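*Asks:* model the structure of this input:
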Amino acid sequence: MNVICRELEHSFHTRIEDIRSVIEKEDTDALFGSNADAPGYALIRSAAVLEQCFGGITTRLWDDPFEWTLVEQMARGPRFIEYIDEVGAACNRCFLAISDDNALTREIPAPEKMASVFSVLLTAYTKSTGHLTEARVKLAFGNTTKRAR
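*Replies:* I've put the predicted structure just below:
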C-alpha cells in the first residue's frame, strides 16, 4: 500500500493549486508592479523550488528553474498559469517514478549531498511554503516586507 506516496502527491498538488489560486486572484500589477522584490517573484520561486525537486528526483538534474525561467514572461498572467501547469506535470512524473512508499527511503544525489527521496521532497515542500507565505504576506500588507537572507 502506498499511503505515504499518495498523501505526499496530494499535498504537492494542493500546494501547486495554492500558488495558482493566488495568481488567478491577483492582477499582474499587484503581483509584479515595478519592484524587483514584488510578490510575484516569490510565487515563481515557490513553484520553481518544486519543479527543481521533481526534476532532480526523476532526472538527477538539479538546475534551478528560477535561474533559467524568463521571469519577465511570467509577469504576463497566461504564461504564469502555463508554467504552474508545467510544474503540475512534473509532479505527476515524479510520483510515477516513485514506485512505492519504500522508494521514499532511497538515497539519491541531491543538490548538496546524498539524501533520501523523502528528505528531498520534505525540504522542497517546506521551501515552497516559505516562498508562498512571503508572497501572501506581501500581498496582504503591501510590498513593504524584505525577505530575510
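*Asks:* skipping adjacent residues, who's closest to the residue most central in space within the chain in space?
*Replies:* The residue lying closest to the centre of the chain (Cα atoms, centre = their mean) is residue 47, at 2.6 Å. Residue nearest to residue 47 in three dimensions, not counting chain neighbours: residue 87, with 4.9 Å by Cβ to Cβ, 6 or more residues apart in numbering. Backbone N, C-alpha and C define where each C-beta goes, glycine included.
*Asks:* just checking, that neighbour touches residue 17?
*Replies:* No - taking contacts as Cβ atoms under 8 Å, residue 87 lies outside contact range of residue 17: 10.7 Å.
*Asks:* helices of the protein, start to end?
*Replies:* 3-25, 28-31, 39-59, 65-68, 71-74, 77-97, 117-141 (DSSP state H).
*Asks:* now the first one: average pLDDT?
*Replies:* Computed over helix 3-25, the mean pLDDT rounds to 96.
*Asks:* wait, doesn't the residue nearest to the centre of the chain sit right on residue 17?
*Replies:* No - Residue 47 lies out of contact with residue 17 (Cβ under 8 Å); the separation is 11.4 Å.
*Asks:* which of the helices of the chain is buried the deepest?
*Replies:* helix 39-59 (a mean of 23; mean count of other Cβ atoms under 10 Å).
*Asks:* so for that one, mean pLDDT?
*Replies:* For helix 39-59, the mean per-residue pLDDT is 93.
*Asks:* over to stretch 80-88?
*Replies:* Across stretch 80-88, the average pLDDT comes to 92.
*Asks:* ok, residues contacting it?
*Replies:* 13, 16, 19-20, 23-24, 31, 40, 43-44, 47, 50-51, 54, 69, 74 (Cβ atoms under 8 Å, 6 or more residues apart in numbering).
*Asks:* among those residues, which two are most distant?
*Replies:* The two members of the contacts of stretch 80-88 with the most space between them (Cβ to Cβ) are 31 and 54, at 23.4 Å.
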